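Chemist: Here's a sequence, model it:
(chains A and B)
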Amino acid sequence: DGGITQSPKYLFRKEGQNVTLSCEQNLNHDAMYWYRQDPGQGLRLIYYSQIVNDFQKGDIAEGYSVSREKKESFPLTVTSAQKNPTAFYLCASSIQGGNEKLFFGSGTQLSVL
Amino acid sequence: RKEVEQDPGPFNVPEGATVAFNCTYSNSASQSFFWYRQDCRKEPKLLMSVYSSGNEDGRFTAQLNRASQYISLLIRDSKLSDSATYLCVVNRDGGFKTIFGAGTRLFVKA
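Modeler: Now for the predicted structure:
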């Protein structure tokens, strides 16, 4: 079955540590996105990528980094510079990055120890 | 002021009730509009796109008023399984600027 796979489902970060969230899709979609969701708030865009080897900052990119070396994969690293990383992280993809449907992964809950 | 605003609720309704959610957006350059449904701690899933002419999908009806910058979602004959958070979503700037509302929480009771 085609879809987006995020891992892990739960992740704990120690202070000063970088952690990487995985996102893989087999939908052959060009565009991929990372969102952060905090309780009672809408999703906020961290980074997005329209094609391989290219990505753009979203609204809240500080303290995060991404790579897009393969079409299928768009990992997100939460660096130690992100001082409030506890949130629900959602990866999404769309066919071409226009006004079309977003397909989401099942999310990763990141918490700070 | 947030670019997309929704009443957070929660809305508590009995099974079989009709419930309406409203959403307003502030950027007149917004191009496309959607309602997503999100269950607790799960990913959002597209419920329906919203068109100026209005559109219906079974028990769900969506309306868009561009002049008033207002979107609505009507759910008829509510089911227990409709309990979820409903997210109003607006696209602009060629689609890469997707703004999510904070969501409206619905509880349907037996």
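Chemist: buried stuff in stretch A:79-89?
Modeler: A:82, A:85, A:87-89 (16 or more other Cβ atoms under 10 Å in any protein chain shown). C-beta: built from backbone N, CA, C; applies to glycine.
Chemist: What about those residues, which are in helices?
Modeler: Using DSSP state H, no member of these sits in helices.
Chemist: a markdown table for the residues you listed, including distance to A:V52 and pLDDT?
Modeler: As requested, the buried residues of stretch A:79-89 are exported to a markdown table (distance: Cβ to Cβ, whole Å; pLDDT from 0 to 100):
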| residue | distance to A:V52 | pLDDT |
| --- | --- | --- |
| A:Q82 | 25 | 90 |
| A:P85 | 27 | 93 |
| A:A87 | 27 | 95 |
| A:F88 | 27 | 96 |
| A:Y89 | 22 | 97 |
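Chemist: Looking at these, which is nearest B:T18?
Modeler: Comparing those against B:T18 with Cβ to Cβ picks out A:F88 as the nearest, at 30.9 Å.
Chemist: residues in contact with the closest one?
Modeler: A:36-38, A:107-110, B:41 (Cβ atoms under 8 Å, 6 or more residues apart in numbering or on different chains).
Chemist: The same query, at a cut-off of 10 Å, please.
Modeler: A:35-39, A:43, A:107-110, B:41-43 (Cβ atoms under 10 Å, 6 or more residues apart in numbering or on different chains).
Chemist: separation between it and B:V4?
Modeler: From A:F88 across to B:V4, the span is 19 Å (Cβ to Cβ, to the nearest Å).
Chemist: near chain A at all, the lowest-mean-pLDDT helix or strand in chain B?
Modeler: One helix or strand of chain B scores below all others by mean pLDDT, DSSP states H and E: strand B:97-100, with a mean of 86. Yes: residues of strand B:97-100 contacting chain A under Cβ under 10 Å from any Cβ of the partner chain: B:97-100.
Chemist: tell me what that strand is packed against?
Modeler: strand A:31-37, strand A:44-49, strand B:4-6, strand B:32-38, strand B:84-92 (3 or more Cβ pairs under 10 Å, 6 or more residues apart in numbering or on different chains; DSSP states H and E).
Chemist: which one of those strands is the most hemmed in?
Modeler: Neighbour counts (mean count of other Cβ atoms under 10 Å in any protein chain shown) averaged over each of the helices and strands packed on strand B:97-100 peak at strand A:31-37, with a mean of 25.
Chemist: and that strand with strand B:84-92, angle?
Modeler: If you take axes from the mean of the first three to the mean of the last three Cα atoms, to 10 degrees, strand A:31-37 sits at 130 degrees to strand B:84-92.
Chemist: Strand A:31-37 - which strands sit beside it in the sheet, and in what orientation?
Modeler: strand A:44-49 (antiparallel), strand A:87-94 (antiparallel) (DSSP bridges).
Chemist: So what sits opposite the residue positioned nearest the centre of chain A in the bridge?
Modeler: In chain A, the centroid-proximal residue (Cα atoms, centre = their mean) is A:W34; its distance is 3.0 Å. Note on A:W34: beta-bridge partners by DSSP bridges are A:Y47, A:C91.
Chemist: distance of it from chain B?
Modeler: Separation of A:W34 from chain B (Cβ to the nearest Cβ, to the nearest Å) stands at 12 Å.
Chemist: Now do the buried residues in the host helix or strand of B:I71.
Modeler: Here B:I71, judged by DSSP states H and E, is contained in strand B:70-75. Residues B:71-73, B:75 are the ones in strand B:70-75 that count as buried (16+ other Cβ under 10 Å).
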